[in-house]
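1. Sequence and predicted structure are below.
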Amino acid sequence: MIDLMPKTEEEASAIVRAHAEAGRPLAICGGDSRSGFGNAVAAEDRLRSSEISGIVAYNPGEMVMTVRSGTPLAEVEVALSESGQMLAFEPMDHRPVMGTSGEPTIGGVFAANVSGPRRLIAGAARDSLLGVRFVNGRGEIIKAGGRVMKNVTGLDLAKLIAGSHGTLGFLTEVTFRVPPRPKTEQTVVLSGLNDAEAANAMAAAMALPVEVSGAAHLPLTVTWKFLAGKLPEGEATVLRIEGLPGSVDVRIEKLVAAMSAFATVTRLEQPESSRLWQEIRDVLPYADGTARPVWRVSVAPGTGHQLVAALRLEAGVDAFYDWQGGLVWMRMEAGPEAELARRYIKALGGGHATLIRASGEARAVTSAFHPEPEAVAMLSRRVKEKFDPAGIFNPGKMG
């Protein structure tokens, strides 16, 4: 594969225009940290954003940052940390679970609509996005949104681009919100609850006026892999509270008092608390260097354990839960079992199952993305035709 690495938006525009005129497909790439994610792309040339890099504008007082798409995520996070701010959506690092290297870029984060445990209250990357600049499939440079969001031709283009995985345009710049970073955090650990009991406890915790910012359940099969085995013995249901030290102390006391009705309760303070949530975010238990299929399943909060229980009757499944049970990370013992998983998801009221990791053979016969209903699929095709009429961006990536 030939790597094309423009240094400016104009160079990227010229490359796209030439490929569109020639009908020559392009694989879209940032830092290559999620290589292999999605379905196979039928392209011999790869357009990379890694040279379109740098912070364009950042005034901490405005809590808004504008950055070129190829800027390393680490560079963005250092700048934010120095000003006491953060990416609210807590983006996952896919490298451990996917076994990739590369350097995650801020453009890749938004193109894949990445998030982590704090999505429970802060939303995904898309929800922090204010504006984008990108090159469409005709080679035209498009600006959508900005520091004040505006609609363009009736569509919120910026948020449409987020999660499109490079199939609608080549991102060159992103503008997003950057709220204050919490001064501290603590985590409450409930020990010994089974999956159903944990779902009830997490629902009760989320109903309390204590602003829980993370709610996850770690069954016995994975608990020992977190914090180098230093969590209390047994299953662990973990609840995070963040903020100013005095406020965190008060809210933690209220949470502990309420959760003591469900299980034995212990606490994690810094730095163990932040380390635990980073390991949950990056799916540490399944960063095992194998190709055993790993699924990311999104369902209604509190229903994930029902899906896993049903699947275990027919397949070998290991799992843990984030987002109050609304996000299930599943590792299958053998084949991807795509139809089985998606059938049970439909039976439970709907959701999405995305194949994050699998062998090349498994990926060849299994779509990585959950099938869309026909009406939605038709709309997606029309949007794709509007943005990329020649179909040169990441053909086949999303099925």
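-> Alright, I've got the coordinates.

2. Could you use CA atoms for every contact and neighbour count after this?
-> Fine.

3. residues contacting the residue lying closest to L120 once chain neighbours are set aside?
-> Residue nearest to L120 in three dimensions, not counting chain neighbours: W323, with 5.3 Å by CA to CA, 6 or more residues apart in numbering. Under the criterion of CA atoms under 8 Å, 6 or more residues apart in numbering, the contact partners of W323 comprise 117-120, 214-216, 301.

4. repeat for N394
-> Residues 25-28, 41-43, 166-167 are the ones in contact with N394 under the rule CA under 8 Å, 6+ apart.

5. can you pull out the strands in the stretch 51-200 of the chain?
-> Secondary structure of the stretch 51-200 of the chain (DSSP state E, counting those that start in this stretch): strands at 55-59, 64-68, 129-135, 141-145, 170-177, 184-191.

6. Quick check: mean pLDDT of the first one?
-> Pointing back at strand 55-59 there. For strand 55-59, the mean pLDDT works out to 97.

7. That strand packs against which elements?
-> Here strand 55-59 touches strand 64-68, going by 3 or more CA pairs under 8 Å, 6 or more residues apart in numbering; DSSP states H and E.

8. ditto for the fifth one
-> Packing contacts for strand 170-177, counted by 3+ CA pairs under 8 Å, 6+ apart, involve strand 64-68, helix 106-111, strand 129-135.

9. In TSV: those, plus mean pLDDT and mean neighbour count.
-> TSV is the format used below for those (pLDDT from 0 to 100; neighbours: other CA atoms under 10 Å):
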stretch	mean pLDDT	mean neighbour count
strand 64-68	98	22
helix 106-111	97	28
strand 129-135	96	24
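
10. so which of these comes closest to L4?
-> L4 sits nearest to strand 129-135 of all the helices and strands packed on strand 170-177, at 14.6 Å, using CA to CA.

11. What lies in contact with that closest one?
-> Everything outside strand 129-135 that qualifies as a contact, by CA under 8 Å, 6+ apart, is 9, 12-13, 16, 141-149, 158-159, 169-177.

12. With stretch 89-104 instead?
-> Stretch 89-104 is contacted from outside by 30-35, 72-74, 109, 114-119, 122-125, 128, 281-284, 286-289, 356-357, using CA under 8 Å, 6+ apart.

13. Please spell out the ChimeraX selection for the buried subset of these.
-> Buried subset of those, written as a ChimeraX selection, criterion 16 or more other CA atoms under 10 Å:
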select :30,31,32,33,34,35,72,73,109,114,115,116,117,118,119,122,123,124,125,128,281,282,283,284,286,287,356,357
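
14. Next step: the contacts of stretch 89-104 restricted to helices.
-> Of the contacts of stretch 89-104, the ones assigned to helices by DSSP state H are 73-74, 109, 119, 122, 125, 128, 281.

15. Nearest to R312 among those residues?
-> Ranked by distance to R312 (CA to CA), the ones in helices among the contacts of stretch 89-104 are led by R281 at 24.0 Å.

16. so what's the closest one up against?
-> With contacts taken as CA under 8 Å, 6+ apart, R281 has the following neighbours: 90-93, 116-117.

17. which one of the residues you listed sits closest to R48?
-> For R48, the nearest member of the contacts of R281 is D93. The distance, counting by CA to CA, is 19.0 Å.

18. Many thanks, we can stop here.
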